[in-house]
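In: model the following, please.
(one chain, ligands or ions: 1)
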Amino acid sequence: MPTTDDSFRAELRNTKVLEGPFPNLNFDTFPETPQDAFKQWFHEAVEEGVKEPHAMTLSTVDSDGQPDARVLILKNVDSRGWHFAIKANSPKGKQLISNGYAALTFYWPQVARQVRLKGKAVALPDEESALDYQARPVASRASAVASKQIGGDLDRSLAETQAKLAVDPLLGMEKWRVFAVAPQTVEFWQGDASRLHQRLQYVSEDDDTCWKKHLLWP
Ligand SMILES: Cc1cc2nc3c(=O)[nH]c(=O)nc-3n(C[C@H](O)[C@H](O)[C@H](O)COP(=O)(O)O)c2cc1C
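Out: Just a heads-up that it's a prediction; the model follows:
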């Protein structure tokens, strides 16, 4: 017999969501590519004070066919897709190597906007992973290399790794990988305080520069 928590249910029901007013929107005048549309919305999110607008949820599928998801930072957007950087031997790295399909989701509450995309995640060339690795703060590089030692003396391992990185800034680089999700579909969702939400979906027409736009309802 399940035990239920009515007071928590009530608390959730009383928690506000999608309180306007929100920006006016005309999907008819949206750019031809989802990349340009995304950058436009991203800049508007920044202007409206959205914190960490480059944080997104990456969803993958594990070897049992079960979904898995976590938050990552967006690194770039170009004709190849939406980029992120991860440890190649992490669970998500292994999931992407064995089943390349992935989904990314952004939510920007201050403007009531969500962007969702899904498609194949492709590893970018080694040079791009190396450039991204080199640009990471030394503490981040040290934790990427040293984290395998958990269970031992992590502080000492981190200090030793930082000392090694001072000599070889690219130490551990081969474990770092930049991927791009090349989307088949990208959906832009604008919330509305009176619940007349709007959705626009871009569908890839094989060639990554050619997109069809569809309004979705509801
Ligand atoms: C705001 C935020 C940003 C993050 N950025 C990254 C990132 O860019 N790359 C990364 O590998 N993990 C990032 N993480 C940690 C991941 O969410 C995740 O916990 C970790 O990578 C392990 O994932 P896995 O076990 O599914 O491989 C971030 C977490 C948060 C909350």
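In: thinking Asn89 is in contact with Arg177, fair?
Out: No: assessed by Cβ atoms under 8 Å, Asn89 is found out of contact with Arg177, at 9.3 Å. Using the backbone N, CA and C atoms, a C-beta is placed for each residue, glycine as well.
In: what about the two, which has more around it?
Out: Neighbours per residue (other Cβ atoms under 10 Å) separate Asn89 from Arg177, with Arg177 holding more: 23 against 12.
In: nearest residue to the more buried one other than its sequence neighbours?
Out: Ala88 (4.2 Å; Cβ to Cβ, 6 or more residues apart in numbering).
In: correct me, but the one you found touches Val178?
Out: No: using Cβ under 8 Å, Ala88 is not in contact with Val178, being 10.1 Å away.
In: between those two, which contacts overlap?
Out: Residues touching both Ala88 and Val178 by Cβ atoms under 8 Å, 6 or more residues apart in numbering: none at all.
In: tell me which of these two has more neighbours.
Out: Counted by other Cβ under 10 Å, Ala88 and Val178 do not tie: Val178 has more neighbours, with 22 against 16.
In: which residues touch the more buried one?
Out: With contact set as Cβ under 8 Å, 6+ apart, Val178 has these partners: Lys75, His83, Phe84, Ala85, Ala123, Leu124, Glu128, Ser129, Asp132.
In: let's see 7 Å
Out: Contacts for Val178 (Cβ atoms under 7 Å, 6 or more residues apart in numbering) come out as Lys75, His83, Ala85, Leu124, Glu128, Ser129, Asp132.
In: and it, that one's in a strand?
Out: Yes: assessed by DSSP: H, G, I helix; E, B strand; the rest coil, Val178 belongs to a strand.
In: need the nearest residue in space to Trp82, chain neighbours excluded.
Out: Nearest one to Trp82, counting by Cβ to Cβ, 6+ apart, is Val181 at 5.0 Å.
In: pull up the gap between the residue most central in space within the chain and Glu44, please.
Out: Centroid-nearest residue in the chain: Met56, 3.2 Å away (criterion: Cα atoms, centre = their mean). Distance from Met56 to Glu44, counting by Cβ to Cβ, to the nearest Å: 16 Å.
In: check which element follows the worst-scoring helix or strand of the chain on mean pLDDT along the chain.
Out: Ranked by mean pLDDT, DSSP states H and E, the weakest helix or strand in the chain is helix 138-146, scoring a mean of 83. Per DSSP states H and E, the first helix or strand lying C-terminal to helix 138-146 is helix 154-167.
In: in stretch 58-74, what counts as buried?
Out: By 16 or more other Cβ atoms under 10 Å, the buried positions in stretch 58-74 come out as Leu58, Ser59, Thr60, Val61, Leu72, Leu74.
In: in those residues, find the pair that's most separated.
Out: Val61 and Leu74 (20.7 Å; Cβ to Cβ).
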